[in-house]
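Peer 1: Show me how the following folds:
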Amino acid sequence: MEAVKASLTVFFENPFWVAVYEREYAGKYELCKVTFGAEPKDYEIYDYFLKNFNHLRFSPPVSSARRKEKRFNPKRMQREINKQMQKRVMGTKAQQALKLQQEQNKKKRKTRSREMLEAEKERQFELHQQKRKDKHKGH
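Peer 2: Next comes the predicted model:
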C-alpha cells in the first residue's frame, strides 16, 4: 500500500498570511499556495480547505526521492515537530514546484492576452472595413 503524506504550513509573508499545502504520493510531490488576508483562525483554515479542496490548483507533480521512514522515539518526534514549527521555511522542493506553477501560469496568461489582442485588432479592422463600405453606399 502506497503511503500518502500531507502537510499544511501557515506563515506570515508580509503583508499576508499564507498557507502552503504539500502532498506526496506515488513518488510525486505537489503543493498549493493559498493566500489569506488577516490572520486566519484554525477553524477558518479547516473550513476553507473542506469547502475548497476540489478547487485548489496544485503545482505540476515533481518526482520525489522516497526515503525509508525511521521510527522515532516520541520525545524525539516532538522535538522535531517543535524544530519545524520554529523554522517556518519552505523547502527547495516546494520552491521549485511553486516556480514551475508560476511559469506555467505566466505562459497561459501570455497566450490568453495575445489572443485577446489579436481578436481586438480583428474587430477594429472589421469595424474600419464596415465604415468604408458604408461611406461608398451613399444615402
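Peer 1: Helices of the chain, residue ranges please.
Peer 2: Taking DSSP state H to define them, one finds helices in the chain at 42-52, 74-87, 92-137.
Peer 1: can you give me the offset of the first one from its chain's centre?
Peer 2: Mean-position distance between helix 42-52 and its chain equals 17 Å (Cα atoms, centre = their mean, to the nearest Å).
Peer 1: quick one: average pLDDT of it?
Peer 2: For helix 42-52, the mean pLDDT works out to 90.
Peer 1: counting contacts, what elements does that helix pack onto?
Peer 2: On a contact count with 3 or more Cβ pairs under 8 Å, 6 or more residues apart in numbering; DSSP states H and E, helix 42-52 meets strand 5-13, strand 28-36. Placement of C-beta: from N, CA and C, glycine included.
Peer 1: How about residues contacting the first one?
Peer 2: It refers to strand 5-13. Contact partners of strand 5-13, identified using Cβ atoms under 8 Å, 6 or more residues apart in numbering, comprise 17-25, 39-40, 45, 49, 88, 90.
Peer 1: Which one, of the helices of the chain, ends up nearest to residue 64?
Peer 2: For residue 64, the closest of the helices of the chain is helix 92-137, at 6.8 Å, according to Cβ to Cβ.
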